[in-house]
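Peer 1: okay, here's the prediction I keep looking at, along with the sequence it came from:
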Amino acid sequence: MLNRIIRRITNNFGLKILAVIFASVLWLVVVNIDDPNTTRTFSASVYIENSDYLSGLGKYYEVINNSNTVTFKVSGKRSYLERMSNADFRAVADLETIENLERVPIEIMVQRYSGSVTVINKTYYLELEVEDLISKPFMITVQTDGEVAERHALGETSASPTLLRVSGPASVVNTIDKAVATVDVEGMSQDVTDSVIPVLYDKEGNEVDTKELSYNIQNVMVSMQILDTKDVTLNFQTTGTLPDGYEYVGIEYKPQTVSVKGTAAVLNTVNSITVPREVLNLTDATGDIEKDVDISSYLPEGVSLVNSKDAKISVVVKVEKHERRKFEMPTANITVSNLPGRYDVKFSQETVKVEIEGLALELDVLDEKELTGSIDVSGMTEGEHTVNLDLNLDSKFKLVKNVTVTVEIVSAGSGSSSESDKNTSDNDANKDDSQKTDTKKPEE
């Protein structure tokens, strides 16, 4: 029996071996035709390891060129590749392996069928833009939005804390010009306190994108004072001596009033702002003085201007030169003093010329027929005399030079003119040693 089996096995043994080999090859051919080796493309998001490595070096990085997603090819049997997806791969970039502060090698790991498929050998990189990481402090500026209630104004403002420290990439931090905390004061009539998130602006007034920045604080407390307002007048004084022949005639300025702010208790004591006389010195002035006066330093304590632009006041001090004009004064307007009753006075002419100095406008309205004066004839006897005339002038006029008149003293009742009759009557009123005089002299 055994021999029979052995004979059957060994009968045509070579052919049988050949048939086995042929079957194996045929099986391999069939398998390769049905499930061949192939390649397929996959992609994965890059996971960054040791992400704080660069920040520890004082650097900031940003992924560029969309390199945080990597696309790669995998080879293997089709049957395996068709059952795989992007989730079966993991792409990792370790920042500690960064090259030239520009790129980081990406390692692609197969999570499934790792023994049956292979990532085609190629080096992939995560591309970075690296710059310095800096920190800067910015003073917080307080601004308002809206208008306070009528007859009120903003007073002192404060923020706590006063500094905001901003950290981030130098290219962003260096664009920051200011940090602003804005408070809504629409219709407010009392002091305001509010918690505000500061906003960063560049030099052009554009808001800075803060997604890459960090701060030492998130909010600041802002306090804002709301004050009362009041309109007050201005009072300018002058000092100094003008040259002879010139006169100060007034002062013009605008605005005439300014609006100030302060607490109600302080404003109740303020009605005007006085500018000291030494600010407007007229010494040696021969014409108008024009000057811009900053009144802010002359405000009472606790008071400030509602609008700082009102601090500059345009002032014109008017200085005019005197004119000289000649007038014909009637001698009938001259009063004679100290004439004894036994005498009369006769004037040799009906008018006397006088030269008067003063402002043109004043001289224009001066009526020569209304001019008056007086003479003193004390101790004079009959005959012709030249007597000094005392002209009765208002203080705004000045007699240019002394004036004399010629008179004749005659015995009473000797046919003197009506003027002498008038003067004699005046003399009778001055008898009994009254010796009254009317000698108002012009201001020199």
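Peer 2: That came through fine. Worth saying up front: this structure is predicted, and the values here are computed from it rather than measured.

Peer 1: for the protein, which residue is closest to the average position?
Peer 2: The residue lying closest to the centre of the chain (C-alpha atoms, centre = their mean) is Ser308, at 8.1 Å.

Peer 1: quick one: buried residues of the longest strand along the chain?
Peer 2: Longest strand of the chain, by residue count under DSSP state E: strand 124-145. Buried residues in strand 124-145, counting neighbours by 16 or more other C-beta atoms under 10 Å, are found at 124-126, 128, 130, 133-134, 138, 140, 142, 144. For glycine as for every other residue, the C-beta is placed from the backbone atoms N, C-alpha and C.

Peer 1: helix or strand next in line after that strand, which one?
Peer 2: Next along the chain after strand 124-145, taking DSSP states H and E as the criterion, comes strand 152-160.

Peer 1: where does Val172 land in three-state SS?
Peer 2: Classification of Val172 using DSSP: H, G, I helix; E, B strand; the rest coil returns helix.

Peer 1: confidence score at Ser420?
Peer 2: Note on Ser420: pLDDT of 41.

Peer 1: hmm, I typed the wrong one, I wanted Leu28.
Peer 2: What the model reports as pLDDT for Leu28 is 56.

Peer 1: if we can go back for a sec, for Glu102, state which of the buried residues of strand 124-145 is nearest.
Peer 2: Taking C-beta to C-beta as the measure, Glu102 lies nearest Leu128 of these, at 6.4 Å.

Peer 1: which residues does the closest one contact?
Peer 2: For Leu128, the contacting residues are 61-64, 98, 101-104, by C-beta atoms under 8 Å, 6 or more residues apart in numbering.

Peer 1: tell me the one of those residues nearest Glu382?
Peer 2: In terms of C-beta to C-beta, no member of the contacts of Leu128 lies closer to Glu382 than Glu62, at 123.4 Å.

Peer 1: could you find the closest non-adjacent residue to the closest one?
Peer 2: Spatial nearest neighbour of Glu62, chain neighbours left out: Glu129 (4.9 Å); criterion: C-beta to C-beta, 6 or more residues apart in numbering.

Peer 1: same question for Glu102.
Peer 2: Distances taken as C-beta to C-beta, 6+ apart place Leu128 nearest to Glu102, at 6.4 Å, with adjacent residues excluded.

Peer 1: how far away is that neighbour from Ser45?
Peer 2: 16 Å (C-beta to C-beta, to the nearest Å).

Peer 1: go on, Tyr113?
Peer 2: According to C-beta to C-beta, Tyr113 and Ser45 sit 21 Å apart.

Peer 1: tell me the contacts of Thr296?
Peer 2: Thr isn't right for residue 296; it's Ser. Per C-beta under 8 Å, 6+ apart, neighbours of Ser296: 304-305, 308, 311.

Peer 1: mind running it again at 6 Å?
Peer 2: By C-beta atoms under 6 Å, 6 or more residues apart in numbering, the contact list for Ser296 reads Ala311.

Peer 1: for stretch 151-171, buried residues please.
Peer 2: Those would be 152-155, 157, 159, 164, 166-169, for stretch 151-171 by 16+ other C-beta under 10 Å.

Peer 1: same deal with stretch 175-183?
Peer 2: Residues of stretch 175-183 classed as buried by neighbour count (16+ other C-beta under 10 Å): 176, 178-183.

Peer 1: dump the residues you listed into TSV; add distance to Leu393 and secondary structure as well.
Peer 2: As requested, the buried residues of stretch 175-183 are exported to TSV (distance: C-beta to C-beta, whole Å; DSSP: H, G, I helix; E, B strand; the rest coil):
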residue	distance to Leu393	secondary structure
Ile176	75	coil
Lys178	68	strand
Ala179	72	strand
Val180	69	strand
Ala181	70	strand
Thr182	69	strand
Val183	67	strand
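
Peer 1: show me which of the contacts of Leu128 is closest to Asn281.
Peer 2: Distance to Asn281 across those (C-beta to C-beta) is lowest for Glu62, with 66.4 Å.

Peer 1: I'd like to know how far the closest one sits from Glu99.
Peer 2: 17 Å.

Peer 1: for Glu278, grab phi and psi.
Peer 2: The phi/psi pair for Glu278 (degrees, to the nearest 10) reads phi -70, psi -10.

Peer 1: please name the nearest non-neighbouring residue to it.
Peer 2: In space, Glu278 comes closest to Thr239 once its chain neighbours are excluded; the distance is 5.8 Å by C-beta to C-beta, 6+ apart.

Peer 1: in the sheet, who's paired with that neighbour?
Peer 2: As for beta bridges, Thr239 partners with Asn281 under DSSP bridges.

Peer 1: give me the neighbour count for it.
Peer 2: Using other C-beta atoms under 10 Å, Thr239 is surrounded by 12 other residues.

Peer 1: quick one, what contacts it?
Peer 2: By C-beta under 6 Å, 6+ apart, Thr239 lies in contact with 277-278, 281.

Peer 1: cool, and Glu328?
Peer 2: Counting by C-beta under 6 Å, 6+ apart, Glu328 touches 351, 368.

Peer 1: so it: helix, strand or coil?
Peer 2: Glu328 ends up strand, using three-state DSSP.
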